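S.K.: quick one, what's the 3D model for this:
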Amino acid sequence: MPHGVFPLPSGNRPDTVDGMDDLYAPHRSLASVIAIGCAIASFVVHSGAAGLALAIVAIIFGVIGLMLAMLPGTKGGCLSISAMGLGVLGAICGIIRAVWHLGRHM
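M.R.: Residues are numbered from 1 along each chain as shown. Purely as a prediction, here's the structure:
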């Protein structure tokens, strides 16, 4: 059979077929990437309320990313679990930071 009928993987990347991106290759879900970004940002912001809000967004998107990671061809389960853990830790730190700032201004 000719080579063009059944494309063979080529190149160094496992997600390409004959130099074209393979649409069925595993990829990370956008929700898990947003979740880890919000979880990290919750530690960086100065405001306790903003850190708490970002941590809650990280937890919500982490749950969504975990559900999407169960679909075939989607990765990001460990990333989503990490984001949820960091989100919980960020929420605790945000509450402590908010109480600390509130206590300093009274």
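S.K.: for stretch 27-45, buried residues please.
M.R.: Within stretch 27-45, the residues that qualify as buried are 28-29, 31-36, 38-39, 41-42, 45, counting by 16 or more other CB atoms under 10 Å. For every residue, glycine as well, the C-beta is placed using N, CA and C.
S.K.: same list (those residues) but as JSON lines, adding secondary structure and distance to residue 62.
M.R.: Converted to JSON lines, these look like this (DSSP: H, G, I helix; E, B strand; the rest coil; distance: CB to CB, whole Å):
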{"residue": "28", "secondary structure": "strand", "distance to residue 62": "13"}
{"residue": "29", "secondary structure": "coil", "distance to residue 62": "11"}
{"residue": "31", "secondary structure": "helix", "distance to residue 62": "8"}
{"residue": "32", "secondary structure": "helix", "distance to residue 62": "7"}
{"residue": "33", "secondary structure": "helix", "distance to residue 62": "11"}
{"residue": "34", "secondary structure": "helix", "distance to residue 62": "9"}
{"residue": "35", "secondary structure": "helix", "distance to residue 62": "4"}
{"residue": "36", "secondary structure": "helix", "distance to residue 62": "8"}
{"residue": "38", "secondary structure": "helix", "distance to residue 62": "9"}
{"residue": "39", "secondary structure": "helix", "distance to residue 62": "8"}
{"residue": "41", "secondary structure": "helix", "distance to residue 62": "14"}
{"residue": "42", "secondary structure": "helix", "distance to residue 62": "12"}
{"residue": "45", "secondary structure": "coil", "distance to residue 62": "18"}
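S.K.: which stretches in the chain count as strands?
M.R.: Listed from the start of the chain, the chain has strands (DSSP state E) covering 16-17, 20-21, 27-28, 74-75.
S.K.: what about residue 63, distance to residue 28?
M.R.: Residue 63 is 16 Å from residue 28, where distance means CB to CB, to the nearest Å.
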